[in-house]
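A.B. asks: sharing a model that was predicted from the sequence below.
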Amino acid sequence: MHPILKLLGIGQPTGKPEKPTLILTCIKTGTWWRVSRPSEAMHTARDNGLVDFEFGAET
């Protein structure tokens, strides 16, 4: 972490663990959605009529 960000307290833990984020990507169009759970990714894919898609952890 950059020292200035550390001094300002930006990016410091707040005591609550950060919610993991997944990215759902349509392979055909490259469109993506940020989701919080695999089940949400599957629902989003189904609701948007996606056939070829993948999801994984945000880096």
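C.D. replies: Happy to help now that I have it.
A.B. asks: what segments of this protein are helices?
C.D. replies: 3-8, 38-47 (DSSP state H).
A.B. asks: give me the contact list for stretch 38-49.
C.D. replies: For stretch 38-49, the surrounding residues in contact (Cβ atoms under 8 Å, 6 or more residues apart in numbering) are L22, L24, C26, W33, V35, L50, F53, F55. In this view, the C-beta of every residue, glycine as well, is placed from N, C-alpha and C.
A.B. asks: alpha carbons of that stretch, as CSV, please.
C.D. replies: Coordinates of each C-alpha in stretch 38-49 appear next as CSV, following Å, rounded to 0.1, in the frame of the first residue of the first chain:
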residue,chain,number,x,y,z
PRO,A,38,-22.2,-18.0,-7.4
SER,A,39,-26.0,-18.4,-7.2
GLU,A,40,-26.5,-14.7,-8.0
ALA,A,41,-24.2,-15.2,-11.1
MET,A,42,-26.3,-18.1,-12.2
HIS,A,43,-29.6,-16.1,-11.8
THR,A,44,-28.1,-13.1,-13.6
ALA,A,45,-26.9,-15.4,-16.5
ARG,A,46,-30.3,-17.0,-16.8
ASP,A,47,-32.2,-13.7,-16.5
ASN,A,48,-30.1,-12.2,-19.3
GLY,A,49,-30.3,-15.2,-21.5
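A.B. asks: which positions in it come out as buried?
C.D. replies: Applying a neighbour-count criterion of 16 or more other Cβ atoms under 10 Å, the buried positions in stretch 38-49 are A41, T44, A45.
A.B. asks: confidence-wise, which of the helices of the chain is weakest overall?
C.D. replies: With a mean of 65, helix 3-8 has the lowest mean pLDDT of the helices of the chain.
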